[in-house]
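Pasting the sequence and the predicted model now:
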Amino acid sequence: MTTRDTVASGLQPPDAPAGWVRRGVVLGLAALGWAGALLVNEPVWDRVVYQWAGLSAATRLGSAVHFFLADTVKITLLLIGIIFAVTVLRSFITLERTRALLGGRREGVGNVMAAGLGVATPFCSCSAVPAFIGFVAAGVPLGVTLSFLIASPLVNEVAVVLLYGLFGFKIAALYVTSGLIIAIGAGWLLGRMRLERYVEGFVFTTTLRGQPVPSGTVLSFGDRMRLGGEEVATILRKIWPFLLAGITLGAIIHGWMPEAFFVRYAGSDNPFAPLVAVAIGVPLYSNAAGILPLIEALHAKGLATGTLLAFMMSTVALSLPEMILLRRVLKPPLLAIFTAVVAAAILATGYLFNAIL
Amino acid sequence: MLIKILGPGCANCAALEHATHTALAQLGWQATVEHVTDYATIAGYGVMSTPALVVDEQVLLTGRVPQVEQLADLLAARAPQQPSGSAHA
């Protein structure tokens, strides 16, 4: 008896065709309700804030309150839909399968694949260390593994869909493209630098035994739906303080901060703006959902797009908590080089976009 | 039956450990439940996404926390001829 048989018989009841129709209808109705709520969000708050509450759109208080309420609901709705859909889709991919795809790849092609898979594979920062060990011990080159570790938080589905929802297609596409290029380029460069001696020795001596259960293949439809729901709850519970802080800051900037102030100090003609943005963003930890309301408000005040994207990327891709985790497998010199290379790549992206946009 | 929960100490690892204890109680089984937090040991099982459930050195689950009922099914299927000596008399 194989492990897989055991799990399948334990977890997967057979699916009846009639059940699929009902599930399809329920999912379709839920999607329609979700899209409808997103559509009426803005007009509803227009009415509530500007008519029922009697605030004027021209006043600072009025526009700040409207920004806060409309953005809170909009971002929460976007997050629920995105996280649910992505979690369900991702339950078909596992880290084990990704590693099998990357094993034996050469650098170059491997870096490109790793960056792409970093986006698609379910991954949480608490798995960063076991995943790192698992990849390297299985023979995936160090640079390719780092490409995966950079792409995974940087080009994250929540960030991309929120960027699309708040800023439109062009900015979201720019973000994805540049994020992938950073992950591929930085991983390739780090791989070329022959830094294996700065990886903690136990990583290479770890022997992998056993055949892990391919957990993605034994889930039933109900399991996947439940996973989606749980992930929405987990992420919202984790990020709501960031989200509220971000939206509040955004609302204050939206209502009270004079545009001239930002354009003067952080507009596209200040050559130091991206540098300062990255320097602030690297140690800072937030996720995309918390940082985006802030970015949205700053964008409306005329801050340069490259500066803003660089700030956002450095916040989500590099952070102190992540470095502390990675310290378990990377020695300080490698950790420092890793941080410097990724920060430099983000900085270059910021300058590039400020120059061409 | 020796059960190990693999995980560096995140919230999900604690949730899996709790669910395992509940499932064992449902089955009326006695088993040793260990929590393994050492990264090298976790990786040694070939596990990359935590938490993971290991029963008698066999990895049964990785990367998620199942419902208690599923866990109980999983454990029951794992040891179909559970000797009566280890069940509650």
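Ah, there it is. Note that this is a predicted model, so its numbers are computed, not measured.

A:Glu196 against A:Thr145, yeah?
No: between A:Glu196 and A:Thr145 there is no contact under C-beta atoms under 8 Å: 10.9 Å. Where C-beta positions appear, they are placed from N, C-alpha and C, glycine not excepted.

Neighbour count for these two, which is higher?
A:Thr145 (27 against 14; other C-beta atoms under 10 Å in any protein chain shown).

which one's the longest helix in chain B?
helix B:11-27 (DSSP state H).

Could you list every helix and strand that it packs against?
strand B:2-6, strand B:32-36, helix B:68-78 (3 or more C-beta pairs under 8 Å, 6 or more residues apart in numbering or on different chains; DSSP states H and E).

could you redo the last one with a cut-off of 10 Å?
helix A:221-256, strand B:2-6, strand B:32-36, strand B:52-55, helix B:68-78 (3 or more C-beta pairs under 10 Å, 6 or more residues apart in numbering or on different chains; DSSP states H and E).

Nearest approach to A:Asn270 belongs to which of the ones you listed?
helix A:221-256 (17.6 Å; C-beta to C-beta).

Okay, now the unreliable bits of the chain?
All of this is about chain A. Applying pLDDT under 70 to chain A flags the ranges A:1-18, A:122-126, A:208-218, A:262, A:266-268.

Sorry, I should have been clearer: chain B.
Using pLDDT under 70, the flagged stretches of chain B are B:79-89.

Find residues that contact each of A:Glu196 and A:Thr145.
Residues touching both A:Glu196 and A:Thr145 (C-beta atoms under 10 Å, 6 or more residues apart in numbering or on different chains): A:Val136.

Deepest-packed of the helices and strands packed on helix B:11-27, please.
Mean neighbour count, computed with mean count of other C-beta atoms under 10 Å in any protein chain shown, is highest for strand B:52-55 among the helices and strands packed on helix B:11-27, reaching a mean of 24.

which neighbours does that strand have in its sheet, and in what orientation?
strand B:2-6 (antiparallel), strand B:58-62 (antiparallel) (DSSP bridges).

who's in contact with it?
Here strand B:52-55 has contacts from A:3, A:130, A:210, A:212-213, A:215, B:1-7, B:13, B:16-17, B:19-20, B:31, B:33-34, B:36, B:42, B:45-47, B:59-66, B:71, B:74-75, B:78-79, using C-beta under 10 Å, 6+ apart.

How about stretch A:36-49?
By C-beta under 10 Å, 6+ apart, the residues outside stretch A:36-49 that reach it are A:53, A:55-57, A:61-74, A:76-78, A:80-81, A:165.

Just the ones of those residues in helices?
A:61-74, A:76-78, A:80-81, A:165.

how about the nearest residue to the residue most central in space within chain A, chain neighbours excluded?
Geometric centre of chain A, nearest residue: A:Asn156, 2.5 Å, by C-alpha atoms, centre = their mean. Nearest residue to A:Asn156, sequence neighbours excluded (C-beta to C-beta, 6 or more residues apart in numbering or on different chains): A:Ala288, at 6.0 Å.

How about A:Pro333?
A:Tyr198 (4.9 Å).

Tell me who's in contact with that neighbour.
If you count contacts by C-beta under 10 Å, 6+ apart, then A:Tyr198 has A:142, A:330-338 around it.

Let me know how buried A:Ala58 is, in neighbour terms.
If we define neighbours as other C-beta under 10 Å, then A:Ala58 has 8 of them.

rewinding a little: any idea how far chain B is from the residue nearest to A:Pro333?
17 Å (C-beta to the nearest C-beta, to the nearest Å).

can you tell me how far that residue sits from A:Arg192?
Plainly put, A:Tyr198 is 14 Å away from A:Arg192 if you go by C-beta to C-beta, to the nearest Å.

Verify the stated contact: B:Gln67 with A:Ser220.
No: with contact defined as C-beta atoms under 10 Å, B:Gln67 does not count as touching A:Ser220 (11.3 Å).

about what we covered before: how about the contacts of A:Tyr198 in a markdown table, adding neighbour count, distance to A:Ala151 and secondary structure?
Converted to a markdown table, the contacts of A:Tyr198 look like this (neighbours: other C-beta atoms under 10 Å in any protein chain shown; distance: C-beta to C-beta, whole Å; DSSP: H, G, I helix; E, B strand; the rest coil):
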| residue | neighbour count | distance to A:Ala151 | secondary structure |
| --- | --- | --- | --- |
| A:Leu142 | 23 | 15 | helix |
| A:Leu330 | 23 | 17 | strand |
| A:Lys331 | 14 | 23 | coil |
| A:Pro332 | 10 | 23 | helix |
| A:Pro333 | 11 | 23 | helix |
| A:Leu334 | 22 | 18 | helix |
| A:Leu335 | 16 | 18 | helix |
| A:Ala336 | 13 | 21 | helix |
| A:Ile337 | 16 | 18 | helix |
| A:Phe338 | 22 | 14 | helix |
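
Closest to chain B out of those residues?
A:Leu330 (12.3 Å; C-beta to the nearest C-beta).

circling back to that earlier point, surely the residue nearest to A:Asn156 is in contact with A:Ile295?
Yes: with contact defined as C-beta under 10 Å, A:Ala288 counts as touching A:Ile295 (9.3 Å).

Give the residues shared as contacts by those two.
Joint contacts of A:Ala288 and A:Ile295 (C-beta under 10 Å, 6+ apart) are A:162-163, A:246, A:312, A:315.

any chance of those in JSON lines, with distance to A:Ala344 and secondary structure too?
As requested, the shared contacts of A:Ala288 and A:Ile295 are exported to JSON lines (distance: C-beta to C-beta, whole Å; DSSP: H, G, I helix; E, B strand; the rest coil):
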{"residue": "A:Leu162", "distance to A:Ala344": "26", "secondary structure": "helix"}
{"residue": "A:Leu163", "distance to A:Ala344": "23", "secondary structure": "helix"}
{"residue": "A:Gly246", "distance to A:Ala344": "26", "secondary structure": "helix"}
{"residue": "A:Met312", "distance to A:Ala344": "17", "secondary structure": "helix"}
{"residue": "A:Thr315", "distance to A:Ala344": "16", "secondary structure": "helix"}
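
got the CA coordinates for stretch A:109-120 in CSV?
Below are the C-alpha coordinates for stretch A:109-120, written out as CSV (Å, rounded to 0.1, in the frame of the first residue of the first chain):
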residue,chain,number,x,y,z
VAL,A,109,17.1,29.1,-18.1
GLY,A,110,16.8,28.0,-14.5
ASN,A,111,16.7,31.6,-13.2
VAL,A,112,13.9,32.5,-15.6
MET,A,113,11.9,29.4,-14.7
ALA,A,114,12.5,30.0,-11.0
ALA,A,115,11.3,33.5,-11.1
GLY,A,116,8.1,32.4,-13.0
LEU,A,117,7.5,29.5,-10.6
GLY,A,118,8.2,31.8,-7.6
VAL,A,119,5.1,33.8,-8.7
ALA,A,120,3.0,30.7,-9.2
